[in-house]
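1. Starting from these lines, generate the structure:
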Amino acid sequence: MAAIYYADDEENIREVVGSFLANEGHEVRTFENGDLLFEAFEKQECDLVILDIMMPGTDGIGILQKIRKISNVPVILLTAKDTDMDYYNGLALGSDDYLTKPFKPLILSAKINALLRRSRYENTAKKREEEKDLSCGNVKYSRVKHEVTVNHAVISLTPTEMRFLAYMMQHFEEAVQKEVLLDEIWGINSEIESRVADETNRRLRKKLTAAGADVYIQTVWGYGFKLTRISEQ
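-> This is a model prediction of the structure:
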């Protein structure tokens, strides 16, 4: 059902919980401390993480903070402590749920299944949102047709111009750093190559103007670009 990473320095609990979750159909990898789990997570993300708080090396809270810098994967914290402050700290730092030892594996399983359902729902909703057509003023981008229209007339764009414009439409009225565009559109971040963004914008601006677009890619000097309405220039 899901790939789960579980770190706990108590071997007997780790084996019992790992076996139970494996019997539930999950693919479980267990670790004797959080540092080993995080090392594995950096190489290959999983669907859900279970962390004991009190562990040698970096504790569960520290590992949670590291994970949150790179991923929104669901995280459940386990602890022998049972105080409101532990609960608050765990949730405030980005955990999705909390379970106090000792606990019944069935309760943990229920929490896991609930988080996985929520995560899958959110991912599906995000994917649907990303697949929506984009519209800024009289400029429309159809993801299905992979075409851009101005006042319902298709304009001819190169694949790079199309990606550039679609990205700017996703961030309408937002100033986007040139370095971000270089990374997202071209997969480069060298200052020497930054002229490719300027040249692409020049060509795209010319085509949009010729087609009668009421939006404009403004150069934000020393920063990047912003797609905005012409009336607001």
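
2. After the top helix by length along the chain, which helix or strand is next?
-> Secondary structure of the chain per DSSP state H: the longest helix is helix 105-130. Next helix or strand after helix 105-130 toward the C-terminus (DSSP states H and E): strand 134-136.

3. re earlier: so which elements touch the longest helix of the chain?
-> helix 11-23, strand 48-52, strand 75-79, strand 97-100 (3 or more C-beta pairs under 8 Å, 6 or more residues apart in numbering; DSSP states H and E). C-betas here are computed from N, CA, C, even on glycine.

4. Deepest in the core, which of these is it.
-> Burial of the helices and strands packed on helix 105-130 is given as mean neighbour count (mean count of other C-beta atoms under 10 Å); strand 48-52 ranks first at a mean of 25.

5. helix or strand right after that one?
-> In N-to-C order, the element after strand 48-52 by DSSP H and E is helix 60-68.

6. Let me have the helices and strands packed on helix 105-130 in CSV, extended by mean pLDDT and distance to Y141.
-> Listed next are those as CSV, based on pLDDT from 0 to 100; distance: least, C-beta to C-beta, whole Å:
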stretch, mean pLDDT, distance to Y141
helix 11-23, 94, 43
strand 48-52, 95, 35
strand 75-79, 90, 36
strand 97-100, 86, 39
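
7. could you dump stretch 16-24 to CSV, C-alpha only?
-> The C-alpha trace of stretch 16-24 is given here as CSV (Å, rounded to 0.1, in the frame of the first residue of the first chain):
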residue,chain,number,x,y,z
VAL,A,16,6.8,-5.6,16.4
VAL,A,17,5.6,-2.4,14.6
GLY,A,18,7.6,-3.1,11.5
SER,A,19,6.2,-6.7,11.2
PHE,A,20,2.6,-5.5,11.9
LEU,A,21,2.7,-2.8,9.2
ALA,A,22,4.3,-5.2,6.7
ASN,A,23,1.5,-7.7,7.3
GLU,A,24,-0.9,-4.8,6.6
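
8. For this structure, give me the ranges with low pLDDT.
-> Applying pLDDT under 70 to the chain picks out residues 81-92, 124-131, 187-194, 231-233.

9. now do 80
-> 1, 80-94, 121-132, 144, 159, 183-196, 231-233 (pLDDT under 80).

10. Hmm, F225 is touching T219, no?
-> Yes. Look at F225 against T219 with C-beta atoms under 8 Å: they come within range, at 6.0 Å.

11. Next, show the common contact partners of these two.
-> Residues touching both F225 and T219 (C-beta atoms under 8 Å, 6 or more residues apart in numbering): N201.

12. Counting neighbours, go ahead and name the busier of those two.
-> More crowded of F225 and T219, by other C-beta atoms under 10 Å: F225, with 26 against 15.

13. Surely that one is in a strand?
-> Yes. The assignment for F225 (DSSP: H, G, I helix; E, B strand; the rest coil) places it in a strand.

14. what's near enough to touch it?
-> F225 neighbours (C-beta under 8 Å, 6+ apart): 168, 175-176, 178, 181, 197, 201, 217-219.

15. Just the buried subset of the residues you listed, please.
-> 168, 176, 178, 181, 197, 201, 217-218 (16 or more other C-beta atoms under 10 Å).

16. Out of those residues, flag the one nearest to D96.
-> D96 has its nearest neighbour among the buried ones among the contacts of F225 in V176, at 30.6 Å by C-beta to C-beta.

17. Give the full set of residues in contact with I67.
-> Contacts of I67 (C-beta under 8 Å, 6+ apart): 38, 41, 49, 73, 75, 94.

18. out of those residues, who's nearest T58?
-> F38 (7.5 Å).

19. Can you give me the distance of the closest one to L165?
-> 39 Å (C-beta to C-beta, to the nearest Å).

20. Fine by me, thanks again.
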